[in-house]
Every structure is written in C-alpha cells, then in structure tokens.
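**Q** Could you work out the structure for the sequence below:
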Amino acid sequence: MVFVTGGSRGIGRAICEAFARTGRDVAFCYAQDEEGARETARRIEAAGAGALALRGDVSDEAAVQAMFASLPGLEILVNNAGVALFSQIQNTTAAAWRRLFAVNVDGAFYCTRAAIPGFLRRGGGSIVNVSSIWGEAGASCEAAYSATKAALIGFTKAAAKELAPSGIRVNCVSCGMIDTSMNARLSADEKAAFLSSVPCGRAGTPEEAAAAAVFLATQPYVTGEVLRVDGGLL
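**A** Residues are numbered from 1 along each chain as shown. Next up, the predicted model:
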C-alpha cells in the first residue's frame with residue numbers, strides 16, 4: 001500500500017493515480033476537500049486499485065497517529081501535503097509562519113516518524129517528500145514557503161543517511177512551476193513572464209511531478225536524492 005498526504009487535488013491526486021496504475025492500493029489523506037477526495041478515490045479505483053480516503057490534518061500529531069493505525073502493509077509514504085504563502089517578510093505574521101511550518105515540515109516529520117515502525121517490521125520501505133525549487137534557490141515574497149521547502153530537503157538528506165541501514169530509502173522531488181491551483185494567484189502576464197525564464201518554455205504538469213515520485217519510490221539503489229522537475233529553470 002502507498003500513502004499520499006494531501007491527495008484530494010493537484011500533484012497529490014496525480015501521485016495517487018500514478019501509483020494506482022502500478023497496481024498498488026492507495027490510501028491518501030485530505031484536510032477539508034470532501035468532493036475532491038471522492039474524485040481522487042474514484043480515479044484510483046478506475047485505475048484498478050483499492051482506494052482509502054482519510055480525513056486528517058498532517059499538522060496534528062494525534063491525527064497522524066490515528067491515520068497510520070489504519071494503514072496495514074504500508075510500503076511507500078509520499079509526504080505531499082503543503083500550503084503556500086505569498087507575502088513580504090515584514091507582512092508575514094508569526095501565526096502564518098508557524099502554520100506553513102506546521103503543515104509543510106511538521107507534517108512530513110510526523111508522518112515519517114509514524115511510518116518507520118511498520119517499515120522496520122517489514123524490513124524496509126520508501127519515503128518521497130515533495131519539495132520545491134524555492135527550497136533550493138529561494139523566492140522573493142515567498143520567504144516562509146521557501147524556508148519550509150528548504151527544511152524538507154535537509155530533512156530528506158538526513159533521514160536518508162539515518163534510515164538506509166534499515167532498508168528505508170528517503171528521496172525528494174523538487175518541483176518548479178507545476179500547473180495547479182497553487183499558482184492560480186498569478187495573472188496570465190505574470191505566468192508568461194515567469195515561464196519566459198524556463199528553458200522548456202512551459203509549466204510542468206502534475207502527472208510529470210507524479211512520475212518523478214514513482215521513479216524515486218521504486219528505485220532500490222537511489223536514496224538521499226533531490227530530483228528537480230522544473231523544466232531546466234535551475
């Protein structure tokens with residue numbers, strides 16, 4: 001079984017579908033989007049796999065523990081759940097800063113920690129964290145988001161070293177501009193201006209990010225890797 005956090009839309013939904021097409025049953029969690037969760041479950045089942053939708057906030061430690069209690073036979077964890085914030089540093093509230101870290105970083109930590117005992121019992125497992133190129137390069141007016149994604153990359157590398165002797169691999173997908181609702185705030189002109197700096201000349205698709213996640217999750221000699229899906233931007 002695969003467990004994907006934040007699976008009700010966007011990259012998370014595409015990751016759920018991609019793993020379903022490999023013949024694996026897929027569980028996923030969502031915070032609020034009931035309709036989106038039903039659609040993701042429908043798509044997983046249409047691909048011929050079993051689907052399990054769990055409502056829960058990954059920033060809530062107790063909720064994470066409850067979700068993992070219902071995930072027997074877990075083989076792969078994808079820490080995808082995330083939130084963004086476009087704000088100048090001086091306008092970013094402490095509450096907003098903490099919320100981004102709670103979801104983007106604490107959530108990945110809670111889920112990774114909860115997955116490890118089961119992975120140890122079965123003799124191994126695979127974890128894929130979904131980060132961003134802004135965690136590598138930083139983005140103006142997205143300092144909080146960039147900081148969380150940089151933390152996720154550091155966590156990936158440290159966890160990979162710590163867990164490899166136990167047969168647990170940890171990797172990271174570093175996404176550039178992917179065509180999802182997270183970028184809906186951009187006007188057509190702003191999007192075109194950004195894409196003019198992307199060598200491939202376009203935004204990526206959720207399916208392309210998902211393919212990278214599946215690759216990292218299933219390659220037995222790859223760990224500690226940060227794989228960019230950014231059209232050559234960096």
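**Q** Would you report the backbone torsion angles of the spatially most central residue of the chain?
**A** When Cα atoms, centre = their mean is applied to the chain, the residue found nearest the centroid is Asn80 (1.7 Å). The phi/psi pair for Asn80 (degrees, to the nearest 10) reads phi -110, psi -30.
**Q** pretty sure it is touching Ile15, no?
**A** Yes - counting by Cβ atoms under 8 Å, Asn80 touches Ile15, with 6.1 Å between them. From N, CA and C alone the C-beta is placed, and that goes for glycine too.
**Q** Would you map the strands across the chain?
**A** For the chain, applying DSSP state E gives strands covering 2-4, 26-30, 51-55, 76-79, 125-132, 168-175, 226-229.
**Q** now the ones you listed in JSON lines, with mean neighbour count?
**A** Shown next, in JSON lines, are the strands of the chain (neighbours: other Cβ atoms under 10 Å):
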{"stretch": "strand 2-4", "mean neighbour count": "29"}
{"stretch": "strand 26-30", "mean neighbour count": "26"}
{"stretch": "strand 51-55", "mean neighbour count": "18"}
{"stretch": "strand 76-79", "mean neighbour count": "28"}
{"stretch": "strand 125-132", "mean neighbour count": "26"}
{"stretch": "strand 168-175", "mean neighbour count": "26"}
{"stretch": "strand 226-229", "mean neighbour count": "19"}
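**Q** and Ala203, how many neighbours?
**A** 18 (other Cβ atoms under 10 Å).
**Q** quick one, phi psi at it?
**A** Torsion angles, degrees, to the nearest 10, at Ala203: phi -80, psi 150.
**Q** quick one: it and Asn183 touch, right?
**A** Yes - counting by Cβ under 8 Å, Asn183 is a contact partner of Ala203 at 7.5 Å.
**Q** list residues touching both of the two?
**A** Met177, Lys191 (Cβ atoms under 8 Å, 6 or more residues apart in numbering).
**Q** which stretches of the protein form helices?
**A** For the chain, the helices defined by DSSP state H occupy 10-21, 34-46, 61-68, 94-101, 107-122, 134-137, 143-163, 188-195, 206-218.
**Q** Mean neighbour count, those helices: which tops it?
**A** Of all these, helix 10-21 has the most neighbours on average by mean count of other Cβ atoms under 10 Å, namely a mean of 25.
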